[in-house]
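J.: Fold the stuff below for me.
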Amino acid sequence: MARFGNKKRKKMFVKPIVKKQKGNVDHVTGDKLPKSFVFSRGKLPGPLKQLQMDLRKLMLPYTALNLKEKRRNNLKDFLDVAGPMGVTHFLILSKTETAPFLRVARTPQGPTLTFEIHEYASAADVAHSQLRPRCPQDLFKNAPLIVLSGFASAEQHLKLTTIMFQNIFPSIDINTVKLSSCQRIVLLHYNKDTKLVDFRHYSIRLQPVGVSRRIRKFVQNHQVPDLSSLQDVSDFVTKAGYGSESEAEDEAAHVTLPTDLGRVNKASSKSAVKLQEIGPRMTLKLIKVEEGLCQGSVIFSEYANVSEKKQENEKNMNNEENDTEETEDDKDMDEDEEEDDD
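T.: Model (predicted):
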């Protein structure tokens, strides 16, 4: 019997196919998805720590919810980790003797917006103030929508604020976006008179117009209602009436759905859009814009502008005083000339 020698087989090298991670690319702009770190600099009191956790929850799902930070960590440590993880923005909380501050920075080279926090309330405080707080489990599954109001101005610092907050959340395409993913909204309103920014966070829910609350709960919860106190099934439908709260009054909030959304809201039917605040809530004032990441040349400074205005006012007052002195000297000279002529 013939023997076959053990020939060495050549190993075939197959080049691995590296697939692009579609989850890290914004399908609208083509750029990488914005991701964030929310952390603090210095020691924070208890309420500000709660605000930090609320901001992390607000920035979900593209943020580090359980980010571990230590006192010895500096800004460079966070920046070194941000590069490999694709983090594009920093939200930094700090507290001084005068007031708390929030810095919103673009990595790795800036710019940086510094806000003074005038007032704030945590998500728990907002929930305690409501009769029926609402926070479903899948509410933070998708990123919130961003709405900016009152920022239409030619001033450079307001333009930078608009661009910063527009890019801190993923972009949406109104033609392809799924309605089921639009569950939260972040609203920023700028008041030109007070120069304050109202920061609000709402949940979006739809209610079918002309359907009682009892019917909605029955369809959503799949629980058999208690009809023992009723004489007829029709009493269950008509007792609570049709509609709820003020949905029939505000017709501007009525929309016609193109597709089914849940078990209650059906396509081609009218639904009322409801916004319920879930927090956190902040009142901010932009005090400084830096060109770099928490450093560099100052593009805008509220306090510097105030001092410049004071200097201008003092300059104008001095000029007015000089003008009045010159006019008085001219009058004296004219009187002396008249006396000489006499």
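
J.: only C-alpha atoms for contact and neighbour calcs from this point on.
T.: Fine.

J.: And the closest residue to residue 301 other than its chain neighbours, which helix or strand is it part of?
T.: With C-alpha to C-alpha, 6 or more residues apart in numbering as the criterion, residue 301 has its nearest non-adjacent residue at 4.4 Å, and that residue is residue 288. Using DSSP states H and E, residue 288 sits within strand 281-290.

J.: Could you list the paired strands of that strand along with their orientation?
T.: strand 112-121 (antiparallel), strand 196-208 (antiparallel), strand 298-301 (antiparallel) (DSSP bridges).

J.: average model confidence for the shortest one?
T.: Averaging pLDDT along strand 298-301 yields 94.

J.: for that strand, which positions count as buried?
T.: residue 300 (16 or more other C-alpha atoms under 10 Å).

J.: beta partners of the residue nearest to residue 301?
T.: Bridge pairing for residue 288 - DSSP bridges - gives residue 114, residue 301.

J.: how about it, what does it touch?
T.: 113, 114, 115, 298, 299, 300, 301, 302 (C-alpha atoms under 8 Å, 6 or more residues apart in numbering).

J.: do that again at 7 Å, thanks
T.: 113, 114, 300, 301, 302 (C-alpha atoms under 7 Å, 6 or more residues apart in numbering).

J.: sorry, back to before: the strands paired with strand 281-290 into CSV, with extra columns for distance to residue 132?
T.: Converted to CSV, those look like this (distance: least, C-alpha to C-alpha, whole Å):
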stretch, distance to residue 132
strand 112-121, 18
strand 196-208, 13
strand 298-301, 42
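
J.: Which one of those strands lies nearest to residue 34?
T.: strand 112-121 (15.8 Å; C-alpha to C-alpha).

J.: who's in contact with the closest one?
T.: Strand 112-121 is touched from outside by 99-106, 280-294, with contacts defined as C-alpha under 7 Å, 6+ apart.

J.: Report the buried residues of it.
T.: So, applying 16+ other C-alpha under 10 Å, buried residues of strand 112-121: 112, 113, 114, 115, 116, 117, 120, 121.

J.: before we move on, what about stretch 95-103?
T.: Here stretch 95-103 shows 95, 100, 101, 102, 103 as buried, counting by 16+ other C-alpha under 10 Å.

J.: Can you flag which of the residues you listed belong to strands?
T.: If you go by DSSP state E, the buried residues of stretch 95-103 have 95, 100, 101, 102, 103 in strands.

J.: Would you tell me which one of those residues comes nearest to residue 160?
T.: residue 103 (13.5 Å).

J.: Residues contacting stretch 76-91, please?
T.: Against stretch 76-91 from outside (C-alpha under 7 Å, 6+ apart): 34-39, 102-107, 168.

J.: Type out the ChimeraX command that picks the buried ones from those.
T.: Buried subset of the contacts of stretch 76-91, written as a ChimeraX selection, criterion 16+ other C-alpha under 10 Å:
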select :34,35,36,37,38,39,102,103,104,105,106,107,168
